[in-house]
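Visitor: with the input below, show me the fold.
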Amino acid sequence: MSQLGFHIDTSACINCKACEMACKDINNLPVGIKIRRVREYNSGGWIEKSGYLVPDKVTQYFVSASCMHCADPACLPACPQEAIYKRDSDGVVIIDQAKCDGCGVCREVCPYQAPSTVDAASGKVFKCDLCAGELDQGRNPACVGACLQRCLQYGDVAELRKQYGTLDAIEPLPDGDTQPSYVITPHKYAVKK
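Guide: Numbers count the residues shown, from 1 in each chain. Here you go, the predicted model:
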């Protein structure tokens, strides 16, 4: 079985949020529900120099993230309805909406907060499924296709790691022992974990 995952080049992400919007569009998500989020990290401060306040090591970068389609997802065994499963063919973690009762246990255990929210209308929890329907049709996930800077990619995570390295956690992402299928090319000022 191959394991699909994402690669993000945080040195190229400009926070345009095209990936967020493409995700909302393809999933027909209502206002308030986001499956993909661009997270922002700021560091540095101000120092006084010759009577003026000047920036000191001020930096900002962005990390587009959603479900990490972990090799060992915390959400899967925690779901009391057994609504979460990994596809055998590609390792994509999916919530079976017919079984989901919206209890939110998956949201509590996921270190990445990937099961994003409970939809008030349906009472279901939503998360990234790597656009499984698009993949099945031989197309890219919507977020990847919409990325203006082409800094978001997907593919077999083993191949992504060969090409881009094994870094999978920088600020503001949490550390997780779930073996995320996520590879990061860090911004030059990225704070590594």
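
Visitor: after the helix or strand bottoming out on mean pLDDT in the chain, next one along is what?
Guide: Within the chain, no helix or strand scores below strand 117-118, which has a mean of 72 by mean pLDDT, DSSP states H and E. Sequence order places strand 125-126 as the next helix or strand after strand 117-118, per DSSP states H and E.

Visitor: which strands and helices sit next to that following strand?
Guide: strand 117-118 (3 or more C-beta pairs under 8 Å, 6 or more residues apart in numbering; DSSP states H and E). The way it works is simple: take the backbone N, C-alpha and C, and place the C-beta from them, glycine included.

Visitor: and the strand it packs on, how far out from the chain's middle?
Guide: Relative to its parent chain, strand 117-118 has a centroid offset of 16 Å by C-alpha atoms, centre = their mean, to the nearest Å.

Visitor: that older thread, what lines up beside the least confident helix or strand of the chain in the sheet?
Guide: The strands that strand 117-118 pairs with in its sheet are strand 125-126 (antiparallel) (by DSSP bridges).

Visitor: next secondary structure element downstream of the partner strand?
Guide: Counting by DSSP H and E, what follows strand 125-126 is helix 132-136.

Visitor: contacts for that next one, please.
Guide: L4, I26, R87, D90, V92, I94, N140, P141, A142 (C-beta atoms under 8 Å, 6 or more residues apart in numbering).

Visitor: same thing but at 6 Å, please
Guide: V92 (C-beta atoms under 6 Å, 6 or more residues apart in numbering).

Visitor: so which elements touch the helix or strand just after that helix?
Guide: Later in the chain than helix 132-136, the nearest helix or strand by DSSP H and E is helix 142-146. If you count contacts as 3 or more C-beta pairs under 6 Å, 6 or more residues apart in numbering; DSSP states H and E, helix 142-146 packs onto helix 18-26, strand 152-156.
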